[in-house]
Each structure stands twice: as structure tokens, then as C-alpha cells.
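Trainee: here is my input; please provide its structure:
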Amino acid sequence: MDLDARYSRRDFVAMTAGLAAMGLTTSLTPDLLHAQAGSDLKGVTIVYWNMIGVQNPIVKRLSASIVKAFEQRTGAKVKTTWDTYGSIIGPKYRTNFIAGITPTVFDGSNRWSGQLRSFLRPMNDFIADLDPETHAGMAWLLPLVEQQNRGYPDADQIYDLPFTLIPQAPFVTRLDHWEQAGLDFDSNWPIRDTEHLVELLTALQSVTEYPYEVYGKIWDAGDTQLNGWVRSLDIPNSDFINDDWSRSNCDTDAWVTAVQFYIDLYRKYGFSSPNTPQSTDEAAVEQLIRGQKSLVHADILNRGTILRRLRRGIEDGIIQWGPHCPMAGGTTGSTAFLSMSSFSIARQEGPDAAIKEAAAWEFIKEWLLPENQIALAKSCGLCARRDLWEGLKGAPDRYIEAVISMLDNPGVWSNHVRSVDIQYNLFAPHIQQAMQGNDVASELRAYAAEVNKIL
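Mentor: Model prediction:
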């Protein structure tokens, strides 16, 4: 959908004013909006498939604002499709790419793009020409991208450039529930380990019947709190597949121990709701906002929802974020997997291929501007530019401090061509079976055997 067909100039004025009222200011300034559009790329049209906007309405508005700023600055036109993560997790994107239906640029998670790698343009030459300040702020991420793609012969080629980061997955809690439960927050935060977690949730059950949630839904079972517990016990085997992409790690002792605890939080302790086999972190955040949950793991992507729905709770410090805790006996500081929202450029064909690819890169650079990185970090994840982190500290809910503390030794998931099947489609049904009472070790062995067969 062309943005101009969806938003009038008046809409953009209202949008920027509304975002500014929440402390979110993008590169679309009033002066730029009302100025004559630039001419460097006038006559060039690029197609953009946006996925990050699905997370919450604030992020969608930010996306529209950044796209408009790029159009005004360069004179290019952007045809935007508002897509969903299901489009790349499912068959839609690969089917379209094979059929020749491709965007110029799209955003997604760079652990899902392996299936499209042959259609993408490496960006190393573009990255080398970034201005020194932006390049310095981004450089720390490039080895992690290479690590994620280590199974490919061209792993040193960057096909996916991160622009926001999602350390998965910090705690978010309500201090008013702690007060009602008679818990002292300062002496119990951050949560030390899983034994401490059980102790706190037992007390919080006096406030709400199901104070916590573990996630069984296909998208969240494989990428939220569970993986951090595995990593705290066994870093080398914490990814779904091993370093050379030849076998599954998920039948190891660390996986059995962590998954058993995950299931116990639901079945043994009763901290999680009857909807657990189909639950998601987005739904849990909504319940937290309504006071039906006390403490949940949630991707920082959900902060925009809390900012929109419970802004006063953030401003008053009722909402607090904290780092993932290790398993009892596990290692503190190694409990995060780092998901990266990234941009990819599809290889273009025809006489205008070079200018379209160059325009796509200029578009990506718009998202890396300090003001846009800061706005995104306040609503949908930590920004990729490390040089901007210090200035983000000090919010009452301490969301930045929480996620930064999770990045001392982060893991990254492999971007195998079948990563979607490995992490989601094959994994979740076995977790759901365990949630129904099946033996955890047996389910993990069966899952590992399925993965080994496709590897």
C-alpha cells in the first residue's frame, strides 16, 4: 500500500504530534514534511515490505513517519505493504520470491532469512561506506551476524543488517502487586534464579490466581524465556542446532532440565493459566496491563503497547523491567538470546537495478539516524547503534538497563535455511504435548530425531 494513499499531510502532522507527546520523535520534522521533496532519487520507486509495524500501533506509526521522512528527503516513492511475521515464518515470502514477486527492501528477523538468502544482495560494500559514527555504533553486531550464518560458505557476507535488537526475553512486572503481596521489591530485584522465581510467584498468587505465564503457542514456545534457562546451564548446546549445523542439541541434559522446569511452572505449580498451550507473550502483556498478571517474560517489542495503554504506570514506576534469571545452579549473565530485527535488500534486475538497490540502502540509512534509532528503542526494542545506549538510560521502568544487562554474553540463533521449521513448526507441538502431560525427555528425543532427519 502506498503511504500517501493511506495518510494525508494532515494525518502526518497529527501523527508526529501524537508521537512527540509520548517522547517519540523521528526524522520526519515539521519543516521536512512541509518542504519540497528532495530530488536525488526523484522518479525512483521502491517496494518495502514492513513487518515490524505489526507489533503495536505505535511502531506502525513510527514506521510510516520514517518512510515519509525518507520520501521527503530524497524524492523517492515507497510502496509499503504492512505485513506480518507469519508471512516469512510461513511459506508466503519464499513462494513469492520463487515466483518473482519481490520487494526492493524488507524487514524481518535475520534468523528467518536463510530460506531467502539466494535472492538477497550482500551489503558489505554499502556498510563500508557508512559514516564513521554510525559504522562505529554498528560494528559490534557484524560478528554476531556472521556467527548466525556460520553454516554458509559466504558467512562473511552481510545480507541482513540489524536495526533493532530484542534480547529474549526480560521480565516485566507490576510493583503494585508486589506491595499487595507484601514483597520488598528492592531486595528481590532482579530475580536471582529459578528457585527465587518460584518463591516470588508463590507469594504473588495471593494477588492473582495465575500471576505468570509460560507460552505454548507456536511462535513463542521456542523463543521466549525457555531458551535463556537452557543457555544458563549449557552455553555450547543452547542453540537448537550445533555449531556445524549437523544435529539437534535439544536432547541434551540442559534442554531436558530447562523444559521440565518450564512445564512444571504450568502443571506442577499452577502459576500459568489454563490457556498456556496456546498462550503468547503479547496476550500476557495485555493481561499484565489489566492487572490479571503480576510478572511475565515479554519481548521488549511489547513496550510500545504498555506505553500506549499504561503510560501512567510507566511514568509512576509501577511497571518495571528486569533481566532474565538463570536456572538454579546456572550462570548469571548468559541467559539471553539476541534476536535482531534487520533489513534485507532483494537483488534487483533490469536497467534500473543499481539505482533501486542504492535507493534501498539510502532507505535503510534513514532508519539508522540517531533520532529514529532512539524512537524505535523507546517502543520496540534496543536500537542497533550501541553509541546511543547511554542516552536512553533513566526511564522510570528501566527497560534499557534491563536489556543492556542481558548482552554480556548473548547467544544468536542459527539462520539455517530450515530455521523456521526447526525453531517453531517442529518444536512447539512437542512442547504442547509435554504441557498435556507427556514425558519431557521423550518429547525432546522425538523432536531431536525429526530435526536430525532434515539436517
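
Trainee: contacts and neighbour counts: CA atoms only from here.
Mentor: OK.

Trainee: quick one: secondary structure of residue 183?
Mentor: Put simply, residue 183 is coil when judged by DSSP: H, G, I helix; E, B strand; the rest coil.

Trainee: number of nearby residues for it?
Mentor: 16 (other CA atoms under 10 Å).

Trainee: and the one 10 residues further on, by the same measure?
Mentor: When neighbours are counted by other CA under 10 Å, residue 193 registers 19.

Trainee: and it, what does it touch?
Mentor: 325-330 (CA atoms under 8 Å, 6 or more residues apart in numbering).

Trainee: which of these are buried?
Mentor: Buried members of the contacts of residue 193, counted by 16 or more other CA atoms under 10 Å: 325-328, 330.

Trainee: farthest-apart pair in the contacts of residue 193, please.
Mentor: Taking CA to CA as the measure, these span a maximum distance of 10.9 Å, between 325 and 329.

Trainee: quick one: contacts for the closest residue to residue 324 other than its chain neighbours?
Mentor: The shortest distance from residue 324 to any non-neighbouring residue, by CA to CA, 6 or more residues apart in numbering, is to residue 170 (4.9 Å). Each residue near residue 170 by CA under 8 Å, 6+ apart is listed here: 225, 297-300, 321-324, 402-403.

Trainee: let's see the PyMOL selection covering just the buried ones among those.
Mentor: With 16+ other CA under 10 Å as the burial test, the buried ones among the contacts of residue 170 are selected in PyMOL as follows:
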select buried, resi 225+297+298+299+300+321+322+323+324+402+403
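
Trainee: just the contacts of residue 170: which are in helices?
Mentor: Members of those lying in helices (criterion: DSSP state H): 225, 402-403.

Trainee: now those residues in a markdown table, with distance to residue 235 and pLDDT?
Mentor: As requested, these are exported to a markdown table (distance: CA to CA, whole Å; pLDDT from 0 to 100):
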| residue | distance to residue 235 | pLDDT |
| --- | --- | --- |
| 225 | 15 | 94 |
| 402 | 21 | 95 |
| 403 | 19 | 94 |
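
Trainee: between the residues you listed, which sits nearest residue 98?
Mentor: residue 225 (34.8 Å).

Trainee: isn't that closest one right next to residue 326, touching?
Mentor: No: in terms of CA atoms under 8 Å, residue 225 does not count as a neighbour of residue 326; the distance is 10.0 Å.

Trainee: relative to residue 269, how far out is the residue nearest to residue 324?
Mentor: Noted for residue 170: a distance of 21 Å to residue 269, by CA to CA, to the nearest Å.

Trainee: next: residue 241.
Mentor: Going from residue 241 to residue 269 by CA to CA gives 30 Å.

Trainee: looking at those two, which one has more neighbours?
Mentor: Between residue 241 and residue 269, counting by other CA under 10 Å, residue 241 is the more crowded of the two (23 against 13).

Trainee: need phi/psi at residue 163.
Mentor: phi -130, psi -30 (degrees, to the nearest 10).

Trainee: what's the local residue count around it?
Mentor: 24.

Trainee: and the one 3 residues further on, by the same measure?
Mentor: Neighbour count of residue 166, defined by other CA under 10 Å: 23.
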